[in-house]
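Engineer: Give me coordinates for this.
(2 chains)
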Amino acid sequence: SQKIEQNSEALNIQEGKTATLTCNYTNYSPAYLQWYRQDPGRGPVFLLLIRENEKEKRKERLKVTFDTTLKQSLFHITASQPADSATYLCALNTNAGKSTFGDGTTLTVKP
Amino acid sequence: DGGITQSPKYLFRKEGQNVTLSCEQNLNHDAMYWYRQDPGQGLRLIYYSQIVNDFQKGDIAEGYSVSREKKESFPLTVTSAQKNPTAFYLCASSTARTGSGYGYTFGSGTRLTVV
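Structural biologist: Okay, the predicted model is just below:
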């Protein structure tokens, strides 16, 4: 069956370090993959999208990689800040046009 | 400013009642989606629509119904057949072009509680 796994429910790091979140999938052939940030009680906010033929995408302190052989995406936040504390969701899209979401990883950045 | 508006923010439903959650967008997006989120979990797709007057079931459509009579509006009805409706409901919209690069725009959600 199709499955999306995000590495752990919670990740705690020290301010200034790089946070690395993992999204693994099985039995999918995604056309592209997205990452979202969600704060408590709010809707997710779109961060980055990476296509199947792209290896890496960057936006300010954010970097996403996509390895279709390993069936894995890594999401990095460099020079992390307490304001980066939130839940981060990955979502896979096939060409059918709908997104399937992972359960999310809650990141806490401690000062 | 363009965006997507969900109402109400909080909704209480009695056993056996149908309730309707509103979702309106002024982004001129073709596609709209309804997701359900339970505590500590990801989003599960209820229904989606890629064009006016057409919609498809998602992974957990039982006990829910939708309509798409206007491009801007995609209301969700939670029927009495939905046995466990207490959850956070999220509406989203996007351009219909696959991989357009812009992702989904989400509303701020409706928290539904059965009393």
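
Engineer: Please tell me how far residue A:22 sits from residue A:75.
Structural biologist: Distance, residue A:22 to residue A:75, by C-beta to C-beta, to the nearest Å: 8 Å. C-beta here means a position set from N, CA and C on the backbone, and glycine is covered the same way.

Engineer: what about the two, which has more around it?
Structural biologist: residue A:75 (25 against 16; other C-beta atoms under 10 Å in any protein chain shown).

Engineer: what's the spacing between the more buried one and chain B?
Structural biologist: Noted for residue A:75: a distance of 14 Å to chain B, by C-beta to the nearest C-beta, to the nearest Å.

Engineer: That residue pairs with what?
Structural biologist: residue A:21, residue A:64 (DSSP bridges).

Engineer: interface residues of chain B facing chain A?
Structural biologist: B:31, B:33, B:35, B:40-45, B:48, B:50, B:58, B:88, B:90, B:92, B:96, B:98-99, B:101-109, B:111 (C-beta under 8 Å from any C-beta of the partner chain).

Engineer: Narrow those to those that are buried.
Structural biologist: Buried members of the residues of chain B next to chain A, counted by 16 or more other C-beta atoms under 10 Å in any protein chain shown: B:31, B:33, B:35, B:42-45, B:48, B:50, B:58, B:88, B:90, B:92, B:99, B:103-107, B:109.

Engineer: Which of the residues you listed fall within strands?
Structural biologist: B:31, B:33, B:35, B:43-45, B:48, B:50, B:88, B:90, B:92, B:105-106 (DSSP state E).

Engineer: Throw those residues into TSV and include pLDDT and distance to residue A:103, thanks.
Structural biologist: Below are these laid out as TSV (pLDDT from 0 to 100; distance: C-beta to C-beta, whole Å):
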residue	pLDDT	distance to residue A:103
B:31	91	23
B:33	95	18
B:35	97	13
B:43	94	9
B:44	94	10
B:45	94	14
B:48	93	20
B:50	90	26
B:88	97	14
B:90	98	15
B:92	95	17
B:105	94	22
B:106	96	17
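
Engineer: Which one of those is nearest to residue A:65?
Structural biologist: Nearest to residue A:65 among these is residue B:43, at 22.9 Å by C-beta to C-beta.

Engineer: isn't the closest one right up against residue B:35?
Structural biologist: Yes - using C-beta atoms under 8 Å, residue B:43 makes contact with residue B:35 at a distance of 4.0 Å.

Engineer: Identify the contacts common to those two.
Structural biologist: Residues touching both residue B:43 and residue B:35 (C-beta atoms under 8 Å, 6 or more residues apart in numbering or on different chains) are A:101, B:90.

Engineer: Work out the gap between stretch B:46-57 and the centre of the chain.
Structural biologist: 11 Å (C-alpha atoms, centre = their mean, to the nearest Å).

Engineer: Need the contact partners of that stretch.
Structural biologist: A:97-98, B:30-36, B:58-61, B:64, B:66-71, B:74, B:76, B:89, B:96.

Engineer: same question, stretch B:11-23
Structural biologist: Taking C-beta under 8 Å, 6+ apart as the rule, stretch B:11-23 contacts B:4-8, B:32, B:34, B:73-80, B:85, B:89, B:91, B:107, B:110-115.
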